[in-house]
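Engineer: have a look at this prediction, sequence included:
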Amino acid sequence: MKSTHQLLFVLAGIQLVLPFFLQSSIYEPHRDEFLYLAEARHLAWGYLEAPPLLSLFGWISNYFGGGMFWIKIWPALFGCFTFLLAGKIIIQLGGKTLAIVLGWLPFVLDGYLRLFYLFQPNFLEVFFYTAIGFCWFQWIVTENRKWIYISGIALGLGFLSKDSVLFYAIGITVGVLLTQQRKLFTQPTVYIAAIIGFLIFLPNLFWQYTHRFPVMHHMQVLEQSQLVHIGHKDFLMGQLIMNLPCFYIWLTGLIWVFFSPTGKKFRLFGWAYLTVITLLLLLHGKDYYALGLYPVLFAFGGYAIEQFMQSHARWIKYPALAFPVLLGLFALPLLLPVASPKKLAAYYSRTHLNKTGLFQWEDQQMHPLPQDFADMTGWKSTTAKLAHFYNSLSATEKTNTLIYCRNYAFAGAMNYYGHQYHLPEVYSDNASFLLWMPNHYHIQHILLVGKRMPDITDTVFQLFEKHTVVDSLNNPLARENGTKIIFFQNGNQQLNPWIEKRIAQLKAPYYRYALP
């Protein structure tokens, strides 16, 4: 028992440091990471696109300087915690070395390697899915009611991480109702746990109420712009592709809970899996929305494979280990950007990996790099170009200039890098940046950062005497390639009243009461 726990922590330590050595230092934070770091500078009980828990970790990262280590350490740590929970399940089932290794391989050889290196709500979502599952596993094994209460705490914190944790709550509920554990619903324990979770989540719910439930608006926009393109076949194929090197492990775990006499008492996890997958299919969810379902199944699968090997065929351990390692190493450049964009694009072309659907972006077009990798370049160079021009202005011009970005990514990036270049705060009306836009303005010029030139429909940009294209991002492998920096000068007397009125109109739908 002692040796298995030692192995568990050694593997967790390797998992923790591995991504820091693999990712090339050429890359910058991901576009979404800039948004969440910006939210951490405006702490609140909610944001237009995400619950608040991630911003707390972002605040700590910003406090320590916001370097890449402090951005990446949180997903890496929670990735380790997720594996440790799965590993503890394996040990409690009676699993030994092979089972623990099989439970660990998915975290270092498939989609989890990337997920637990991006500072996004998904890493918290997967952790809390696993924590909830771990608690219910413990209750099944021990029938100690404290685990139900702890699951309520995990559920509440999960809701503060990502609203989609609701899917797993529904899945577990269905699983309990369809198995012998349904007796729990005749006891007050589960209802008390639900109240605990609700009370933890309540501050965010109140924030949602006062801001007219922006989560609903965000989901509508997401559905219309992205989810509508996701077919059932693509979603199901994604479940295999995300975990391709280790797919047989979770699949074995799923079969084990349904068909093995030993696994029968854990069948609620099988029903939970099928319930969540069905919900995501009906709602056209993205494939990675289901990643939280798999760590517990990997634990079951690792144990089941080890048991089968010991009883029937010891030789199975060799292909069981060789297949994920060889395929995982081949796919590694898809999981993390281990080389420069040009080298990666050449590798994908040479190996024909660029012919797979993994290179289709949200615009439904095929590109040379995975979208996540293309979202990690171009930010600092564009900030430097903008700063070079801004710092060439006179003191009076600087005072009367608003720096405005069309999207949250550049606004976040320029605020992240801006202190290096003595830039003022950069604004946007995109995503939660809208809530931080000033209500009153006294400007004459706007420095615009955006991909497209303003046209006649961009009324505010018709109020200036002239404009000049200062510079642009010229990086074909960056997702924001072609983004322009445009200086609009000498706005007329209608400028400031027009901006104030427009910002008030944009903010109004998100405030139930008077604007602050």
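Structural biologist: The structure has been received and is ready for your questions.

Engineer: quick check: residue 248 vs residue 296, distance?
Structural biologist: 16 Å (Cβ to Cβ, to the nearest Å). Where you see a C-beta, it was placed from the backbone N, CA and C, and this is true even at glycine.

Engineer: could you check which of these two has the larger neighbour count?
Structural biologist: Neighbours per residue, other Cβ atoms under 10 Å: of residue 248 and residue 296, the larger number sits with residue 296, 28 against 17.

Engineer: next structured bit after the strand or helix carrying that one?
Structural biologist: Using DSSP states H and E, residue 296 sits in helix 294-311. Downstream of helix 294-311, the first helix or strand assigned by DSSP H and E is helix 317-335.

Engineer: quick check, residue 449 in a helix?
Structural biologist: No - secondary structure assignment (DSSP: H, G, I helix; E, B strand; the rest coil) places residue 449 in strand, not in a helix.

Engineer: list the contacts for it?
Structural biologist: 382, 386, 403-406, 410-411, 414, 426, 483-485 (Cβ atoms under 8 Å, 6 or more residues apart in numbering).

Engineer: how close does it sit to residue 383?
Structural biologist: 9 Å.

Engineer: same deal with residue 186?
Structural biologist: Counting by Cβ to Cβ, the gap from residue 186 to residue 383 is 60 Å.

Engineer: looking at those two, which is more packed in?
Structural biologist: residue 383 (23 against 8).

Engineer: hmm, the more buried one is touching residue 418, no?
Structural biologist: Yes - using Cβ atoms under 8 Å, residue 383 makes contact with residue 418 at a distance of 6.7 Å.

Engineer: near residue 288, how many other residues are there?
Structural biologist: 16.

Engineer: what's near enough to touch it?
Structural biologist: Residue 288 neighbours (Cβ under 8 Å, 6+ apart): 111, 115, 122, 238, 242.

Engineer: next one: residue 468
Structural biologist: Per Cβ under 8 Å, 6+ apart, neighbours of residue 468: 486-487, 489.

Engineer: one step back: residues shared between the contacts of residue 449 and residue 383?
Structural biologist: Joint contacts of residue 449 and residue 383 (Cβ under 8 Å, 6+ apart) are residue 414.

Engineer: in the protein, where's the longest helix?
Structural biologist: Longest helix in the chain, counting residues (DSSP state H): helix 68-93.

Engineer: could you check the angle it makes with helix 294-311?
Structural biologist: If you take axes from the mean of the first three to the mean of the last three Cα atoms, to 10 degrees, helix 68-93 sits at 40 degrees to helix 294-311.

Engineer: gap between helix 68-93 and the chain center?
Structural biologist: 16 Å (Cα atoms, centre = their mean, to the nearest Å).

Engineer: report the buried residues of the next helix or strand after it.
Structural biologist: Once helix 68-93 ends, the next helix or strand along the chain (criterion: DSSP H and E) is helix 97-109. Buried residues in helix 97-109, counted by 16 or more other Cβ atoms under 10 Å: 98-109.

Engineer: so how far is whichever strand or helix holds residue 500 from its chain's centroid?
Structural biologist: Element membership for residue 500, per DSSP H and E: helix 495-507. Relative to its chain's centre, helix 495-507 lies at 32 Å (Cα atoms, centre = their mean).

Engineer: pLDDT averaged over that helix - what is it?
Structural biologist: Mean pLDDT, computed over helix 495-507, is 95.

Engineer: buried stuff in that helix?
Structural biologist: 495-496, 498-499, 503, 507.

Engineer: nearest to residue 210 among those?
Structural biologist: residue 507 (12.8 Å; Cβ to Cβ).

Engineer: I figured that closest one hits residue 436, correct?
Structural biologist: No - checked against Cβ under 8 Å, the pair residue 507 and residue 436 is beyond contact range at 10.2 Å.

Engineer: joint contacts of these two?
Structural biologist: Counting by Cβ under 8 Å, 6+ apart, nothing touches both residue 507 and residue 436.

Engineer: where does the stretch 401-516 of the chain dip in pLDDT?
Structural biologist: Residue ranges of the stretch 401-516 of the chain with pLDDT under 70: 514-516.

Engineer: all strands for it, in order.
Structural biologist: Remark: strands assigned in the stretch 401-516 of the chain by DSSP state E, counting those that start in this stretch are 401-405, 445-450, 464-472, 484-491.

Engineer: of all these, which one is nearest residue 367?
Structural biologist: The closest of these to residue 367 is strand 464-472. By Cβ to Cβ, the value is 19.1 Å.

Engineer: just checking: what are the partner strands of that closest one?
Structural biologist: Here strand 464-472 is paired, per DSSP bridges, with strand 484-491 (antiparallel).

Engineer: and the strand it pairs with with helix 495-507, angle?
Structural biologist: 130 degrees.

Engineer: how far off centre is strand 484-491?
Structural biologist: 34 Å.

Engineer: mind saving the C-alpha coords of it as CSV?
Structural biologist: Below are the C-alpha coordinates for strand 484-491, written out as CSV (Å, rounded to 0.1, in the frame of the first residue of the first chain):
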residue,chain,number,x,y,z
LYS,A,484,-4.7,46.9,-37.8
ILE,A,485,-3.7,49.8,-35.5
ILE,A,486,-5.6,52.9,-36.7
PHE,A,487,-5.4,56.5,-35.3
PHE,A,488,-8.5,58.5,-35.5
GLN,A,489,-7.9,62.2,-34.9
ASN,A,490,-9.8,65.3,-34.0
GLY,A,491,-13.3,64.1,-33.2
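
Engineer: just the buried residues of it, please?
Structural biologist: Quick answer for strand 484-491 (16+ other Cβ under 10 Å): 484-489, 491.

Engineer: what does it rub up against?
Structural biologist: 382, 385-386, 389, 443-451, 453-454, 461, 463-472.

Engineer: show the buried residues in those residues.
Structural biologist: Counted by 16+ other Cβ under 10 Å, the contacts of strand 484-491 give 382, 385-386, 444-450, 454, 461, 463-464, 467, 470-472 as buried.

Engineer: low-scoring pLDDT stretches of the chain, where are they?
Structural biologist: Counting by pLDDT under 70, the low-confidence segments of the chain come to 1, 221-230, 514-516.

Engineer: for burial, what's the neighbour tally of residue 3?
Structural biologist: With other Cβ under 10 Å as criterion, residue 3 counts 9.

Engineer: quick one: contacts for it?
Structural biologist: residue 97 are the contacts of residue 3 under Cβ under 8 Å, 6+ apart.

Engineer: Three-state assignment for it, please.
Structural biologist: helix.

Engineer: how close does it sit to residue 283?
Structural biologist: 45 Å.

Engineer: again with residue 183
Structural biologist: 31 Å.

Engineer: which of those two has more neighbours?
Structural biologist: Using other Cβ under 10 Å as the criterion, residue 183 and residue 283 rank with residue 283 on top: 15 against 9.

Engineer: and the residue lying closest to residue 444 once chain neighbours are set aside, what does it touch?
Structural biologist: Residue nearest to residue 444 in three dimensions, not counting chain neighbours: residue 400, with 4.2 Å by Cβ to Cβ, 6 or more residues apart in numbering. Residue 400 makes contacts with 442-445, as judged by Cβ under 8 Å, 6+ apart.

Engineer: following the strand or helix carrying residue 20, which helix or strand comes up?
Structural biologist: Using DSSP H and E, residue 20 sits within helix 2-22. Going down the chain from helix 2-22, the next helix or strand is helix 31-39, by DSSP H and E.

Engineer: packing partners for that following helix?
Structural biologist: Helices and strands touching helix 31-39, by 3 or more Cβ pairs under 8 Å, 6 or more residues apart in numbering; DSSP states H and E, are helix 53-63, helix 408-417.

Engineer: and the contacts of it?
Structural biologist: Contacts for helix 31-39 (Cβ under 8 Å, 6+ apart): 29, 47, 49-50, 52, 54-55, 58, 61-62, 66, 71, 118-121, 375-376, 379, 408-409, 411-413, 415-416, 431-433, 479-480.
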